[in-house]
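S.K.: can't give you the sequence, but here's the structure:
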């Protein structure tokens, strides 16, 4: 096998992988991008999960893609680990469909005209022509996507043909034949299959290469079977990679993919080779072809699924034992996990739990903002990533609290309970938006670090003043909400107006610095982004405080309340405004 054959083989593998990707993406798009929704909604029982995982993976032709999708669901809290395990089992079976598609390339010319029409060259050519016509000349998007599916199939088959041609000289290679005989040791075969799949990161592609090699006539059952088992284990690598930054539950789902394949290989190979020792199966030395390999692959995966589907709960316990709960993650979800449906008929308990949850949400939003401000001064990738993770937690609080409170409003509530629910509903959106702006600040902080921007002394002093004022207004808003402290809430609006004035003044000063050349345009853009987010955060703090004050007085006219205090009808407001104006003055 010369250098030309090696290049041809690599080219064939590349075309095979690209064709598989193109065909899978096209099928997924034609399905209306509803596959994720189907997986999410219809995986309530183990059998449904297995069937859905099989079906979806047969469509997108990648067990890794299906499993990674499921890791995402579990990571976001949309799906439980026990439901995800059924889908993973189905995905492991569904990925074997590609091997059967590849078998079409083994159809050779014969006397029958029908068989000739199904030969690789003819079939690929016809499909490619139809696909490119639909892709280029049809106006509807769905026709374009169907064209992509057909073109993907044609590319896949072309790649398979290229691999088959490239490896054909190996049937005469003594070195190759000797190397294959070493795979008669099942353990070596499993390791080789696993390593090849880890490199290619696609079980379907590795099985395709094995099918191409079978065209040499040198692959026997005793060589193919261990390789197929190793391929199954190696396919877990992309899924494990996808869960590096996932939650504990997400990591458990990724690990269960590997455990399923490991248990399948250990149990099935153990039973098979013990029986072979006593019965000496005659087919061990039989030569296998493309169809045989596809069948072995499917039967092995089917046996694994049948073996382990009854033990989904056991698999869940195994991964739970291996990957312990993260105390920080448990703390993050502690309050929203207490929002039990059965408490809806007991409003007093439900409101208390909801209040505890929104107070926890407020603290998390405040901490995330503090992290974001800290990396403006001293950037850290670790803190940046933590901000993104905590933002997802806060989003989860908003979703679950909102849904829970809407259900609660249908219960028989007293006037006081109605006010409490209104207060929480008013607040959760503002706390979530504060967390969103914290993420925006973190992105700006990363931009400052990446561009190596350093603010002038004057800009830095102004930044110190505005961030101090912002930190105080957030503390006032969150503490007044948590403690239901009306007097503290009344201090928020005057400080918010001081922050607005500061932002306007600092923007004007920074424009002058840019004009005089003491700061660059890059400085100007990021500084303006910071100030815009500061101003929005202060606005949300004002919303929280105003809601507390209004609900205490049974008022719901926000505009009237703000109009009164802004026209200095409120003495406390005037005094607080003067105090904060002096405290955070730009003129020292």
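M.R.: Ah, there it is. Not measured: the values here are computed from a predicted model.
S.K.: host element of the nearest residue to residue 447 once chain neighbours are set aside?
M.R.: For residue 447, ignoring the flanking residues on the chain, the nearest one in space by Cβ to Cβ, 6 or more residues apart in numbering is residue 526 at 5.8 Å. Using the backbone N, CA and C atoms, a C-beta is placed for each residue, glycine as well. In this structure, residue 526 sits in helix 521-552 according to DSSP states H and E.
S.K.: so what does that helix touch, helix or strand wise?
M.R.: helix 415-450, helix 457-483, helix 486-489, helix 492-516, helix 558-566 (3 or more Cβ pairs under 8 Å, 6 or more residues apart in numbering; DSSP states H and E).
S.K.: would you list the ones you listed in JSON lines and tack on mean neighbour count?
M.R.: Output for these, formatted as JSON lines (neighbours: other Cβ atoms under 10 Å):
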{"stretch": "helix 415-450", "mean neighbour count": "20"}
{"stretch": "helix 457-483", "mean neighbour count": "19"}
{"stretch": "helix 486-489", "mean neighbour count": "16"}
{"stretch": "helix 492-516", "mean neighbour count": "19"}
{"stretch": "helix 558-566", "mean neighbour count": "14"}
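S.K.: Columns mean pLDDT and distance to residue 534 on top of the ones you listed, output as TSV?
M.R.: Putting those into TSV (pLDDT from 0 to 100; distance: least, Cβ to Cβ, whole Å) gives the following:
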stretch	mean pLDDT	distance to residue 534
helix 415-450	89	8
helix 457-483	91	5
helix 486-489	90	20
helix 492-516	87	6
helix 558-566	55	20
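S.K.: Could you measure from the nearest residue to residue 470 once chain neighbours are set aside over to residue 492?
M.R.: Nearest-residue entry for residue 470: residue 534, 5.2 Å, with adjacent residues in sequence omitted and distances by Cβ to Cβ, 6+ apart. Residue 534 sits 15 Å away from residue 492, taking Cβ to Cβ, to the nearest Å as the criterion.
S.K.: quick one: low-confidence parts of the stretch 301-450 of the chain?
M.R.: For the stretch 301-450 of the chain, the stretches flagged by pLDDT under 70 are 326-338, 340, 342-343.
S.K.: right, and the helices and strands packed on helix 521-552 - which one's nearest residue 185?
M.R.: For residue 185, the closest of those is helix 415-450, at 51.4 Å, according to Cβ to Cβ.
S.K.: Show me how far that closest one is from its chain's centre.
M.R.: 22 Å (Cα atoms, centre = their mean, to the nearest Å).
S.K.: swap in stretch 439-453?
M.R.: 23 Å.
S.K.: unless I'm mixing things up, residue 581 is touching residue 495, no?
M.R.: No. The criterion here is Cβ atoms under 8 Å, and residue 581 misses it with residue 495 at 9.5 Å.
S.K.: re earlier: enumerate every residue touching the residue nearest to residue 447.
M.R.: 444, 447-448, 451, 453 (Cβ atoms under 8 Å, 6 or more residues apart in numbering).
S.K.: which among the residues you listed gets closest to residue 356?
M.R.: Taking the contacts of residue 526 together and measuring to residue 356 by Cβ to Cβ, the closest member is residue 444, at 32.8 Å.
S.K.: where does residue 139 fall, phi/psi-wise?
M.R.: phi -90, psi -30 (degrees, to the nearest 10).
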